[in-house]
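K.L.:
got a sequence here, can you model it:
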Amino acid sequence: MATPALALLALLLLAPPAPAPDDGGPPPAPPAPAAPPGERTAAVEAPAPAPEADPWVAVTTGDDIRVRAGPSVNFRVLERLPKGSWMVVTGMAGEFARVRIPGGVPVFVSADLCEAAADGKTAVVRRSDVLLRPTPGQEYFPLEGQKLQEGDSLAVLETAEGEGGGKWLKVLPPDRIEYFVHASLLERVAAEGERAEELARITLERRDGYTGGKEAEAARAAEKAREDGFAALVEAAAASLAKAPAATLPPDAAARQADLQQVMTESGSPATRGRASRVSRDYLVREKEMLVAKAKAESSAVAADLERKLAAVEERYRAAMAELLKASPRAAAPKHLAVGTIRRSRSGGYELVKAGVVLHEVESLRYDLSEFLDLRVGVNGKRIAVDASKGEEILRIDALEILE
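P.N.:
Numbering: from 1, shown residues only. Model (predicted):
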């Protein structure tokens, strides 16, 4: 039988080492939890995330969506998001999507590795390759593949005592940090670049919700001030033109027209851009009147020169007006080529009727038109000539939408 001293020595040799105080690596794996609804159990050794060339915006399709620290249900849940939440998908790891969440998700960092600001609201990382944790301690896997680097700035939400001792900071990490959501719970919305403004707004509002700050409110106020400034430039240009004598331009015409051009290209308000377009058109009309009047005053001297100047003025006016129209808002194209009710024609075919008037004889290689009899529909397609000498044609339907 072994002596008590030898037994104690054997236990000490077999015991696992204590975790490093500087959060230098992951602890032993905890037991795998049961898979929650909407997620199937993944292996502990999840495949490495596959990067995508073009990140895309996704929206969550269910309630209480779990955001995890890694691509498996063996990783801790960091947060739960409601239905309709936006995120940016950057790649896949098995059945999980690797995502960036606007504004971030709170995680924990060892306070020994950061230097906090005097107000306690921000902290700067003072070492490279610092791990992010789901809880204030080393008892669970860190965020898969995510590390902070020296100089990274963090928004500090609160401080906490570690589960195994030590001081920890609950923070919002940099925007580049990625999390994991089961891919079956996401629906594609658009490419990331197509939703940049909405993502920026969501980021500010989400961070404000965590920090109690007013970045989103300040951004909205700045945007309003910017649009108010654009509107003031337009009204100042209009007032300057109104004060000038007939058939003349105000002394500051060049500066006013430059202001109007800036508004038409930079304002986010369709109403303000439209107003700027109309005032700019007034300047062009006034300039034309002024130049025409000047040219006519010289007509007694050289009639031929007058004609040349009039032609030059007209050409300049038309070119400027063409450029102006390019910047003006355009009406949206009609959704359908024609709208009406599908009826049987006397010849046994089909026709599209509106208010008792036959708009088109119709046919379709794609649809069985008998299924749409007496229904009001919008259609798109091509006009096919039947008898060119009589001007007879038939509309071949390629796309059809029931409108009632």
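
K.L.:
any idea which helix or strand carries the nearest residue to Glu287 once chain neighbours are set aside?
P.N.:
Ranked by C-beta to C-beta, 6 or more residues apart in numbering and with sequence neighbours excluded, the top spatial neighbour of Glu287 is Leu249, at 6.0 Å. (Each C-beta comes from the backbone N, C-alpha and C, glycine too.) Assignment of secondary structure by DSSP states H and E places Leu249 within no helix or strand.

K.L.:
count the neighbours of Leu249 for me.
P.N.:
If you count neighbours by other C-beta atoms under 10 Å, Leu249 ends up with 19.

K.L.:
quick one, what contacts it?
P.N.:
Remark: with contacts taken as C-beta atoms under 8 Å, 6 or more residues apart in numbering, Leu249 is in contact with Leu241, Tyr283, Arg286, Glu287, Met290.

K.L.:
please apply the same query to Ser128.
P.N.:
Contacts for Ser128 (C-beta under 8 Å, 6+ apart) come out as Lys147, Leu148, Gln149, Glu150.

K.L.:
from the contacts of Leu249, which is closest to Arg343?
P.N.:
Of all these, Arg343 sits closest to Tyr283, with 53.8 Å by C-beta to C-beta.

K.L.:
got the buried residues for stretch 66-77?
P.N.:
Arg66, Val67, Arg68, Ala69, Gly70, Pro71, Ser72, Val73, Asn74, Phe75, Arg76 (16 or more other C-beta atoms under 10 Å).

K.L.:
I misspoke; the intended subject was stretch 180-190.
P.N.:
By neighbour count with 16+ other C-beta under 10 Å, stretch 180-190 contains the buried residues Phe180, Val181, His182, Ala183, Leu185, Leu186, Val189.

K.L.:
and for stretch 138-155?
P.N.:
Of the residues in stretch 138-155, those buried by neighbour count under the rule 16+ other C-beta under 10 Å are Gln138, Glu139, Tyr140, Phe141, Pro142, Leu143, Glu144, Gln146, Leu148, Asp152, Leu154, Ala155.

K.L.:
pipe those residues into TSV and attach secondary structure, pLDDT and distance to Val124 per row.
P.N.:
Written out in TSV, the entries for those read as follows (DSSP: H, G, I helix; E, B strand; the rest coil; pLDDT from 0 to 100; distance: C-beta to C-beta, whole Å):
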residue	secondary structure	pLDDT	distance to Val124
Gln138	coil	90	22
Glu139	coil	89	26
Tyr140	coil	92	25
Phe141	coil	93	25
Pro142	coil	95	20
Leu143	coil	96	19
Glu144	coil	94	24
Gln146	coil	94	18
Leu148	strand	96	10
Asp152	coil	95	7
Leu154	strand	94	7
Ala155	strand	92	11
